[in-house]
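Visitor: Provide a 3D model corresponding to the input given below.
(one chain, ligands or ions: 1)
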Amino acid sequence: MSKAVVVTGAAQGIGAAIAVCLAGDGYRVHGVDIATPGLEARVTERPDLDLVPHACDIGDHAAVAALWEKIDADSDTVVALVNNAGIFGRQPALEMSVDEWDRVIAVNLRGTFLMSQAFARRVVGRGGEGAIVSISSGQAYRPGSTGVAYAASKAGISNLTRALAREWGPSGIRVNTVVPGLTDTAQPRAAKGDADFVAAAAANPIGRLSTPEDIAWMVSFLLSPRASAITGQAFVVNGGRLML
Ligand SMILES: NC(=O)c1ccc[n+]([C@@H]2O[C@H](COP(=O)([O-])OP(=O)(O)OC[C@H]3O[C@@H](n4cnc5c(N)ncnc54)[C@H](O)[C@@H]3O)[C@@H](O)[C@H]2O)c1
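Guide: Coordinates of the predicted model:
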């Protein structure tokens, strides 16, 4: 059986592009999302690819445990995890409810940690090697005017990445972050219109926005043997607008 990877938030947008790209690389891809119809559409559209859909809320500890039991029953060699699922939460800080704060942190930060821990336990258990890529945001470095929980959660992912890279490096697990720029998906479309995307593209040194495929290609590279000396790093794929 081919080596397997797990991609969260795989039903649409950047996660769907990552799932399709990694399946094209020859992996069996366990696509995880809170809603499965989008995932099932991906499977129907691309019967040539080895995509397995799973419904799971990654912020829910019990649901994550049940998810990994299903993955274990299917694949004994999961070599990589892509933590892509994320939500924004657009309440201004002065008006943010505790529930909204908790919801964003639960998906973006706790979900990323729960999935990473479940994956790493399996890699360490079999004495193999593994790689994790988590999807952060430019807002980890330059927050917008709303989205305080999002910005905090994405900055948290950056340092979670470095901490896990340090702790798990000796166990053969590499952990990196990819930082997309504004990418035309449902998440920013909830607050931005065509004119915003055109203006943002014009402001980029390359004259266009990053696409979901641009992000997927960086993820593909970071999971490959060519990236075997790379861990604890963040890679910005944004057309040059944010330069760290
Ligand atoms: N699009 C951008 O401009 C942009 C920029 C920077 C970072 N990002 C990040 O890229 C990642 C992908 O975002 P996108 O733009 O494709 O957004 P999207 O909203 O199109 O996709 C996010 C996916 O995550 C899933 N999801 C949400 N909550 C979940 C949960 N609890 N459990 C499992 N799945 C869940 C959604 O159902 C959806 O399929 C996110 O982490 C986002 O923060 C996006």
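
Visitor: mind listing what's buried in stretch 230-239?
Guide: Judged by neighbour count (16 or more other Cβ atoms under 10 Å), stretch 230-239 contains these buried residues: T231, A234, F235, V236, V237, N238, G239. Every C-beta, even on glycine, is put in place using the N, C-alpha and C of the backbone.

Visitor: out of these, flag the one nearest to the ligand.
Guide: N238 (8.2 Å; Cβ to the nearest ligand atom).

Visitor: report the contact partners of the closest one.
Guide: Contact partners of N238, counting by Cβ atoms under 8 Å, 6 or more residues apart in numbering, are G138, V179, P180, G181, L182, N204, S210.

Visitor: now the terminal residues of stretch 203-214, how far apart.
Guide: One end of stretch 203-214 sits 18 Å from the other (Cα to Cα, to the nearest Å).

Visitor: enumerate the residues of the chain near the ligand.
Guide: When proximity is defined by Cβ under 6 Å from any ligand atom, the chain lies next to the ligand at 8-9, 11-15, 32-35, 38, 57-59, 84-87, 107, 111, 135, 137, 180, 182-183, 185-188.

Visitor: keep only those of those that are in strands.
Guide: Of the positions in the residues of the chain next to the ligand, T8, V32, D33, I135, P180 sit in strands, assigned by DSSP state E.

Visitor: adding neighbour count, write the residues you listed out as JSON lines.
Guide: Compiled in JSON lines, those are given as follows (neighbours: other Cβ atoms under 10 Å):
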{"residue": "T8", "neighbour count": "30"}
{"residue": "V32", "neighbour count": "33"}
{"residue": "D33", "neighbour count": "26"}
{"residue": "I135", "neighbour count": "27"}
{"residue": "P180", "neighbour count": "24"}
